[in-house]
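> Need coordinates for the below:
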Amino acid sequence: MRIQHIAMALSMITLVALNSCSKNESQLQPLNGKAAAVVSPLLTSALPAAGKNKVAYYAFDATPVGQGYMSLLNFTDSANIVVVFEGTLWELADTVNYNSGWMVNSIYKYKKQVLADIQTLRARGVKVLMNVDDAASWSTTTPFTTYNGTAYTYTQFASFINTCVNTVGLDGISLDVEHGATDNTNYRNLIKELGKYFGPKSSASTSKIYTGAVYSGGAPGPAFRDTSLANKMNFVMDMAYFSNNTTRFNYWAATLGNAKVMDGMSRDYNTQATAVSFAQWHPSPDKAGIMVFAGNVNKTYTDAILSAL
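Residues are numbered from 1 along each chain as shown. Prediction:
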């Protein structure tokens, strides 16, 4: 998500049995050639309270500043929502056919470690989402093509995303909106279709989060000012880190309402003091919360901002 470039414990988690492999091999080899089993938590934690969404992105390719590399389990003590960023949802869910090799750093050599840590976070009551990038193809009648070339319609693709989320054992998705899609009927159909599975209008409204990172200068970001789209989501997160915090918040809140909007912060663009000050600001009605992108760059920075909320 670059400009120009989630307190109730789970009772028992069924984890996927996986073989280990070298960094240059497929990073998520299944046992006996089978795809990952569906994770079936017996108990799920409640969504964060209104105005208390503390979102931290874990970017696998982020370079730490003032500290060493940290894992999903220790990069922040303050987030109640964690977004797994890099790679793709389907490569975590389908252990045979998808492998981008992105989810690798000095902490994670194998994706089985990622899968295990996701479930440990969830057992702590943290909601874990997977980042899903939009694409130019989202503005066509077949927004996704499988590993073997099968083209999916928007209904098939949304169902596929839901299956992947359930297979991995996640609490929803976070769209990264900036990759060349066009605001048209095809695009809007997919955004709305995803809302059948995740978010406040879905059948899983009390357990599955649907959100998106958007900014006014990145098409088709401005489309999310339309309540028919944004109302499918729990909230939207502005990622124009280089812009004035109040201005970018008001841009979305003017049509969506304060409770649907939060600003994102990045250490590259927002000083800790400024970000903390914004986190401590509570309009009436309150904002949705606050987000820190690439929170694993610096734990002190991330926790200070999230704690300030």
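> Show me where this structure dips below the pLDDT cut-off.
Filtered on pLDDT under 70, the chain yields the residue ranges 1-44.
> which stretches of it form helices?
89-93, 111-123, 154-168, 185-194, 227-230, 245-256, 272-280, 299-308 (DSSP state H).
> Show me how far the fourth one is from its chain's centre.
Relative to the mean C-alpha coordinate of its chain, helix 185-194 is positioned 18 Å out (Cα atoms, centre = their mean, to the nearest Å).
> follow-up on the earlier one: and among the helices of the chain, the most buried is which?
Ranked by mean neighbour count under mean count of other Cβ atoms under 10 Å, the helices of the chain are led by helix 89-93, which reaches a mean of 23. In short, each C-beta sits where N, CA and C put it, glycine included.
> What would that helix look like as PDB? C-alpha coordinates only.
The C-alpha coordinates for helix 89-93 follow below in PDB (Å, rounded to 0.1, in the frame of the first residue of the first chain):
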ATOM      1  CA  LEU A  89      -4.800 -14.300  -0.200                       C
ATOM      2  CA  TRP A  90      -5.000 -17.200  -2.700                       C
ATOM      3  CA  GLU A  91      -1.400 -18.200  -2.300                       C
ATOM      4  CA  LEU A  92      -2.000 -18.700   1.500                       C
ATOM      5  CA  ALA A  93      -5.200 -20.600   0.900                       C
END
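> shift numbering so it begins at 16
Happy to do that; since the first residue is 16 now, the last one works out to helix 104-108.
> what sits up against it?
Helix 104-108 has contacts (Cβ atoms under 8 Å, 6 or more residues apart in numbering) with 43, 50-51, 113-115, 118, 126, 129-130, 145-147, 175-176, 178-180, 182-183, 185, 188.
> what do you get if the cut-off is 10 Å, keeping everything else the same?
Helix 104-108 has contacts (Cβ atoms under 10 Å, 6 or more residues apart in numbering) with 31, 41-43, 50-51, 53, 99, 112-118, 126, 129-130, 133, 144-148, 159, 161-162, 175-176, 178-185, 188.
> repeat for stretch 257-267
Outside stretch 257-267, the residues touching it (Cβ under 10 Å, 6+ apart) are 18, 229-232, 236-237, 239-240, 245, 250-256, 268, 273, 275-281, 283-285, 289-290, 292-294, 296, 298, 302-303.
> Ok, stretch 197-207 next?
Residues contacting stretch 197-207 (Cβ under 10 Å, 6+ apart): 149, 151-159, 168-170, 172-173, 176, 190, 192, 196, 216, 225, 227, 234-239, 241, 243-248.
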